[in-house]
Structure formats: structure tokens, C-alpha cells
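Visitor: Fold the following and give me the result.
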Amino acid sequence: MEKTLIILKPDALQRSLVGEITSRLEKKGLKLIGVKMLRLDNAILQAHYAHIVDKPFYKGIEDFMKSSPVVVMAWQGFECTESVRILVGATNPREAASGSVRGDLAIGQGRNLIHASDSKESGEKEIARFFEKSEIFEYEKLEYEHIYEPYERK
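Guide: Numbering: from 1, shown residues only. Sure, this is the predicted structure:
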């Protein structure tokens, strides 16, 4: 099954939205396989945002992401990266669909509550960046037989 990373950003934590967002992912039928709270440092932020580290707005993102602890979570499910991206909504909350996390709960583009991996490959790399192998849990989720077709559970 596919795995993906979620980071609940400082605004999600400060606005007490961790439970609301986690609940939406659980209700979708995804399996939580790793979770922890941490403070991000320059090294991990520069690795995570390597694609924009040379942009003029990067320093603001770095400062924001260090302003409060974050919650990082690893999730698993059949083709879950795309499902999570739809559930999270467009990067700019003012363009995000109603019903999505950002569409319902955020308004400012720079304070959009959540990071979600943008591909299966990114999900694997990002999970490895934030979690040790021993922090990722494999277990049987009994409700899967009621959520997925047999071929989707492999």
C-alpha cells in the first residue's frame, strides 16, 4: 500500500485543529502508521524545502515553520497520496474546494495548515526524512475489508 506524509504546520497546532484534521484523514479510511510532535530546525527545513530554499520568500517559510512545534504523520492507503491531496485542497486556501481541509479551515496562503506529499515518491522520501524505520508501524486494520476491494488491500 502507498504511504504519504502529512505535516500539521504551526497554525494547525496553534488553532487547535490537530484533532479535526486527523479525524478527516481517519474518516477517509486511511491508516495512521506514524505520528510525532517536533520542532523543526534549519537543516531539516532546508532538506524538506530544497526546491524553494533559494527563493526570496523561503526565509519567511522557515521562520513560520520554526515558530511552534509541528505534528508529522505517516499515513497509508490504496493510492492514498492523491486522495490526501484532494482532501487537503489547493495550496491557496481561497482556491481550495469547500469540504477540503484548507477550503474549510484556512484563508491565508502562507498559513495553510498542512503539508501533504505531492507524489508517491515524495511520500516515501519525506517519511524517511522525518521518521526512523522503528517509528513506522505495520499492523492489520480490520476495517479494510469493508473499505477496499481485495486487490486494493495488497
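Visitor: Torsion angles phi and psi at residue 29?
Guide: phi 100, psi 10 (degrees, to the nearest 10).
Visitor: Excluding covalently adjacent residues, which one is nearest to it?
Guide: residue 147 (4.3 Å; Cβ to Cβ, 6 or more residues apart in numbering). Bear in mind the C-beta positions are built from the backbone N, C-alpha and C, glycine included.
Visitor: Based on its surroundings, how many neighbours for that neighbour?
Guide: The number of residues packed near residue 147 is 15, by other Cβ atoms under 10 Å.
Visitor: That one is in contact with residue 27, isn't it?
Guide: No. Residue 147 lies out of contact with residue 27 (Cβ atoms under 8 Å); the separation is 10.9 Å.
Visitor: hmm, back to that, quick one: the residue nearest to residue 29 from residue 139, how far?
Guide: 15 Å (Cβ to Cβ, to the nearest Å).
Visitor: can you check residue 90 too?
Guide: 33 Å.
Visitor: The two: which is more packed in?
Guide: residue 90 (16 against 9).
Visitor: Over to the more buried one. Which of the three states is it?
Guide: Here residue 90 is recorded as coil under DSSP: H, G, I helix; E, B strand; the rest coil.
Visitor: residues in contact with it?
Guide: 96, 97, 100, 102, 103 (Cβ atoms under 8 Å, 6 or more residues apart in numbering).
Visitor: Could you rank those by neighbour count and give me the top one?
Guide: residue 102 (23 neighbours).
Visitor: ok, that one touching residue 86?
Guide: No. The pair residue 102 and residue 86 does not pass the contact test of Cβ under 8 Å, sitting 11.1 Å apart.
Visitor: what ranges do the strands span in the chain?
Guide: For the chain, the strands defined by DSSP state E occupy 2-8, 31-38, 70-77, 114-116.
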